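Visitor: with the sequence up front, the predicted model follows.
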Amino acid sequence: MFGPLTVNPVKSKGSKTGSWRTLLRPHYLHKNCIACKMCAMICPEDCVSGKEKNAFLVDYNYCKGCGVCADICPKKDIEMVSEESKSEDK
Amino acid sequence: MENNPLFRSGHTACAGCGQAIAARLVIEASGANTIIANNTGCLEVFTTKYPDTAWGVPWIHSLFENSAAVASGIEAALIYLGKKDTTNVIAQGGDGSTGDIGLQALSGMLERGHDILYVCYDNEAYMNTGVQRSGLTPFDTNTTTSPSGARSSGNIRPKKPVPEICNAHGIPYVATASAGFPQDLTRKVKKAVSIKGPKYIQIHVPCPLGWRHETNQMLPVAKLAVETGLYPLFEYENGVLASRKQIAPKPVEEYLKSQGRFKHLLNNPEEIKKIQEIADNNIKKYNLKVEA
Amino acid sequence: MKEFVEGSHAIAEIIKAVQPGVISAYPITPQTHIVEDLAQMVSNGELKSQFVNVESEHSAASVVLGGSATGVRVYTATSSQGLFYMQEVVFNIAGMRLPVVMTCANRAVSAPINIWNDQQDSISLRDAGWIQIYAEDNQEAVDFHLIAYRLAEDKRVMLPVMVCMDGFILTHGMETVDIPEQEKVNKFLPNYNPLYKLDPAHPISMGLLADPDYYMEARFAIQETMKESIGYLSEISQEFNAAFGRDYKDLLVEEYQTKDAEKVIVAMGSVCGTIKEVVDEQRAKGKKVGLLRIISYRPFPYARIYEALKDVPRVAVLDKAVSLGAYAPIAVEIKAAFYGKKKGPKVISSFVGGLGGRDITLESVHEVFRRLTAKEVNSDFIDLKPELLKEEYGE
């Protein structure tokens, strides 16, 4: 029997929405971070992780480049950079 | 969050979606022991396209307008199973599915006294179908079914006061919140789920596509709505205004010029005046002004 | 235990015995007595269900949908406009493969508004993905509910079942009914143990968006299950006979004096009692007439009908519903059962009667047999009042 259509979240892979980014990507400077976690809290993709200062990471497989994390960062420690510019981020 | 996310990456919301942020904050505040019933709408579509799901909690979508009733059945079943005390039930939907087509089901859920938190993600139009006007679309908004033109400056009616309608049901908790104030939102959800009975939270969630602002402007736009008095943040507890976010009111023009949906108003002082009156009334009604 | 009771009360008794966790309903005539009796049972503490009094049928169906998805047995009942108002949810329940059981107290639909019996309501929802079985009397109505739960919750099925009983005629009719005993019910119908449910210990998502890559297969699966359910209906009715001492051949059709019949009426529901009386009377006079009663309208038992009617020269299909602008609903199916087949009736005539509660009397049945001639007729209304048809609009 096919159906009902139910999905176990453990098995769900999701879409690699990082491919949507066309213009800008967040570049975490890791200079003045105070680990307030606002970037992780506000990310609509739940793709920012980290606990310690200057150690927050973005999963670019999912980041759509909306820029809200850079906007909320109280220390201006996140910059939006052009997608072409190859930073140390991957 | 790290090991078993309750709202995970890989969903297909637009970049900078205010509803995605709010929905994640809501479920993280409520926790893993939650069952969600979700109306049809953007949130449903972008989180649960088979065979994927963004939800780490039990989640069900039935129809556009019936999440409050489906949640009522879930709650009744949990009571029957003796599991209600350990499980939160959330019904949720957008502004149209809550305040228009789903208002009857919502009212029934509130009146019957179910122990359910209803969350309305208010992006002020039918975004999933392409930005059509809803009952919660603000006055003078340009949408695809309330377009501005030679004889119209947009939506002809003010926003339907759904939080007030819910409060009139005599329920223990009603609150408004905003994606622009995430900690406040989290606090309200945690408080709501700690209260037994029907609860209603309406969250203002910017929609970059429908409101026509840059994706990174999600927070400033949401904040301006609150800071002008156009989207007052308050809590009712047992019918009494228990808190409100006080503001030093900014002119509504600042909010209007931040979004394309109000662009047609910017050279129309008469209409701006009418909108300023709406804000002023809110400021008076909820006593929003910071005391000097 | 045998009781002389109203049909609605008998239904409430059997629902009490199946012990649903959640019951939800909105009042509509002639369904009300069923849910009133259940509400009283809950109030008395005889029944442990959660009884949810909703603000509409749309929500009644949504509440039982939510309850069923949470893994408990559920029940609702409605009629006519109520069924139409919940239509959207009715389709949804089937698509989500939830084993909801509902009573439809068959009633005419508006306009004109009319609270009396015909079968337009449930027949109009034939494509919803619900198994639909129609009772002839209140004993059947009781038994069919028990069988409905067993069938719906069968892991091979997982489809909702609508038990249809003619409004007023059955719901408000007094008959002696044997209500199955609790112990036997428990044995026949084990506790509901769902394959999937909303449970924080094992979170799943239900009711997902299926794009063109997936939608067709989900619908195809229901269609296949429907076809297979023809066999399960027979199988479960045999088990039911053994457990409760009844004599159902299957729950597909009943053949009454059809073997050597020259004229057979095909019908569904309580009117079959009247038709049987006419058949008996005619048979006593040596006339070879019979009745083929449809019990399962969905799934529709084409093969059984073919076997039952293939040697009958003339068949009259008596519908208590119309498909306005087309052949009557059951007539279409009967004709389809013989299309392209070698054998079959020379005449399949279609009659419509009993709409909006107009009595189908013994004389009405005689009239159908009389009009069943060599000349085939379609959607021929019986018992019409020609004098009313002459009245002009607006007078």
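Guide: Now that the structure is in, tell me what you want to look at.
Visitor: for the residue nearest to B:Phe262 when sequence neighbours are not counted, what are its contacts?
Guide: Distances taken as Cβ to Cβ, 6 or more residues apart in numbering or on different chains place B:Leu256 nearest to B:Phe262, at 3.9 Å, with adjacent residues excluded. From N, CA and C alone the C-beta is placed, and that goes for glycine too. By Cβ atoms under 8 Å, 6 or more residues apart in numbering or on different chains, B:Leu256 lies in contact with B:Phe262, B:Leu265, B:Leu266, B:Ile272, B:Ile275.
Visitor: distance of whichever residue of the stretch 151-292 of chain B sits closest to chain C from B:Gly113?
Guide: The nearest approach of the stretch 151-292 of chain B to chain C comes at B:His169, 12.0 Å away (Cβ to the nearest Cβ). Going from B:His169 to B:Gly113 by Cβ to Cβ, to the nearest Å gives 9 Å.
Visitor: need the overlap of contacts for the two.
Guide: Common contacts of B:His169 and B:Gly113 (Cβ under 8 Å, 6+ apart): B:Pro198.
Visitor: next up, the contacts around residue 42.
Guide: In the absence of a named chain, chain A is used. Going by Cβ under 8 Å, 6+ apart, A:Ile42 touches A:Val68, A:Cys69, A:Ile72, B:Ile21, B:Pro182, B:Leu219.
Visitor: not quite, I wanted chain C
Guide: Residues in contact with C:Val42 (Cβ under 8 Å, 6+ apart) are C:Ile23, C:Lys48, C:Ser49, C:Phe51.
Visitor: what's the local residue count around the closest residue in space to C:Asp211 that isn't next to it in sequence?
Guide: Leaving out its chain neighbours, the residue that sits closest to C:Asp211 by Cβ to Cβ, 6+ apart is B:Lys49, at 6.7 Å. As a burial measure, B:Lys49 scores 20 neighbours (other Cβ atoms under 10 Å in any protein chain shown).
Visitor: dihedrals phi and psi, B:Lys49?
Guide: phi -90, psi 120 (degrees, to the nearest 10).
Visitor: could you identify the longest helix within chain B?
Guide: For chain B, the helix that runs over the most residues, judged by DSSP state H, is helix B:269-285.
Visitor: tell me what the residue nearest to C:Asp211 is bridged to.
Guide: Note on B:Lys49: beta-bridge partners by DSSP bridges are C:Leu209.
Visitor: so it touches C:Leu208, yeah?
Guide: Yes. Counting by Cβ atoms under 8 Å, C:Leu208 is a contact partner of B:Lys49 at 6.8 Å.
Visitor: could you check the pLDDT of the one residue in chain C that gets nearest to chain B?
Guide: Proximity of chain C to chain B (Cβ to the nearest Cβ) peaks at C:Gly66, 2.7 Å away. You'll see C:Gly66 listed with a pLDDT of 98.
Visitor: and it, how many residues sit next to it?
Guide: 36.
Visitor: what about it, which helix or strand?
Guide: Using DSSP states H and E, C:Gly66 sits within helix C:57-69.
Visitor: what's the helix or strand for whatever residue of chain A ends up closest to chain B?
Guide: Nearest residue of chain A to chain B, counting by Cβ to the nearest Cβ: A:Gly14, 1.7 Å away. A:Gly14 belongs to no helix or strand when elements are defined using DSSP H and E.
Visitor: contact partners for it?
Guide: Shown in contact with A:Gly14 (Cβ under 8 Å, 6+ apart): A:Tyr62, B:Arg8, B:Ser9, B:Gly10, B:His11, B:Asp52, B:Ala54.
Visitor: do B:Ser148 as well
Guide: Residues in contact with B:Ser148 (Cβ under 8 Å, 6+ apart) are B:Asp140, B:Asn142, B:Gly154, B:His264.
Visitor: try 6 Å
Guide: Applying Cβ atoms under 6 Å, 6 or more residues apart in numbering or on different chains to B:Ser148 gives the contacts B:Asn142, B:Gly154, B:His264.
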